[in-house]
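**Student:** what shape does this take:
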Amino acid sequence: MGAATRPHPPEELRIAGLSRFSAVDWPGRLAATVFLQGCPWECHYCHNPALIDPREPGRIAWDEVAAFLRGRVGLLDGVVFSGGEPTMQRGLAGAIARVSGLGFAVGLHTGGAYPTLLAPLLPGLSWIGLDIKALPEDYEEVTGRGPSGAGALRSLDLVLAEQRRRATTAHPLDVEVRTTVHPDLIDEARLATLGDLLAERGVRRWALQRFRATGTRCGPARAEPPNLDAVPRDRFSEVVVR
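**Tutor:** Okay, here's the model as predicted:
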């Protein structure tokens, strides 16, 4: 195998943190969560701003994570890779394979910034939490990084296609699309339009996450929280408000 195609080992991961037991990172499952360093976006309401800088070195070695997981086989339902934006790290595919080899189901949190890097990871996942932050034309205001909405929607389409492909198999892909409702960045009309866009693409579970200023750099919102009455709930199998 040539150098250009040699897989990147999980030992290359820059790991910022490890949550050893979480009941919230994968709804309905008890999981360990591995937080990876680095993100291409600087979202206005980011709750993990310390994980944005991709040049920051990791704080935990992969061997430490692997040793912990080997001791939790049969005790945890799965492992979630989160960030930052975990797909920007090339060692992620190898880490997913290693974790699956231990017998764990694998979940992923992503903003969909890199659809071409996300696509080959999908077959190894059992669950994905995909952030769709706004309407495509509003992404720059949220992420601070140019026309980033097109890539996120491409990732959404890839995820939903994989979900449909595996729907009748023994290894289905569960998908939750999440949108943080920041009063200064999305109003009731835009939220309703976003809901229609997601439903038309085939999203079945949509989680609306109310903005909370704790842990962010942006501080409290100036505007009042939008009313959620216009959300097209009947177009989804499930709408969750957190």
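**Student:** make it CA atoms for all contacts and neighbour counts henceforth
**Tutor:** OK.
**Student:** show me where the protein has its strands.
**Tutor:** Remark: strands assigned in the chain by DSSP state E are 15-22, 31-36, 78-82, 105-110, 127-131, 174-181, 205-210, 238-241.
**Student:** rebuild these as TSV, extending it with mean pLDDT.
**Tutor:** Rendered in TSV, the data for the strands of the chain read as follows (pLDDT from 0 to 100):
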stretch	mean pLDDT
strand 15-22	97
strand 31-36	98
strand 78-82	98
strand 105-110	98
strand 127-131	98
strand 174-181	98
strand 205-210	97
strand 238-241	98
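**Student:** so which of these comes closest to Leu191?
**Tutor:** Among the strands of the chain, the nearest to Leu191 by CA to CA is strand 174-181 (8.2 Å).
**Student:** got the contact list for the closest one?
**Tutor:** Applying CA atoms under 8 Å, 6 or more residues apart in numbering, the external contacts of strand 174-181 come out as 126-134, 159-160, 163, 203-211, 225-226.
**Student:** drop anything exposed from these.
**Tutor:** Buried subset of these (neighbour count, 16 or more other CA atoms under 10 Å): 126-134, 159-160, 163, 203-208, 211, 225-226.
**Student:** any regions of the protein where pLDDT drops low?
**Tutor:** By pLDDT under 70, the weakly predicted segments of the chain are 1-5.
**Student:** ok, which stretches of it are helices?
**Tutor:** For the chain, the helices defined by DSSP state H cover 62-70, 92-101, 115-118, 139-143, 149-165, 188-201.
**Student:** could the ones you listed be laid out in CSV, adding distance to Arg178?
**Tutor:** Output for the helices of the chain, formatted as CSV (distance: least, CA to CA, whole Å):
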stretch, distance to Arg178
helix 62-70, 27
helix 92-101, 22
helix 115-118, 17
helix 139-143, 14
helix 149-165, 11
helix 188-201, 11
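**Student:** for Leu118, which non-adjacent residue is spatially closest?
**Tutor:** In this structure, Leu118 finds its nearest non-sequential neighbour in Thr87, 6.2 Å apart by CA to CA, 6 or more residues apart in numbering.
**Student:** how about the helices of the chain, which one is nearest Cys39?
**Tutor:** Of all these, helix 139-143 comes closest under CA to CA, at 10.4 Å.
**Student:** run the chain-centre distance for that closest one.
**Tutor:** Centroid separation for helix 139-143 versus its chain: 17 Å, with CA atoms, centre = their mean, to the nearest Å.
**Student:** coming back round to it: among the helices of the chain, which comes closest to Ala230?
**Tutor:** Across the helices of the chain, Ala230 has its closest neighbour in helix 188-201 (5.7 Å, CA to CA).
**Student:** quick one: buried residues of that closest one?
**Tutor:** Within helix 188-201, the residues that qualify as buried are Glu188, Arg190, Leu191, Ala192, Thr193, Leu194, Gly195, Asp196, Leu198, Ala199, counting by 16+ other CA under 10 Å.
**Student:** OK, contacts around the fourth one?
**Tutor:** By CA under 8 Å, 6+ apart, the contact list for Ala192 reads Ala230, Val231, Pro232.
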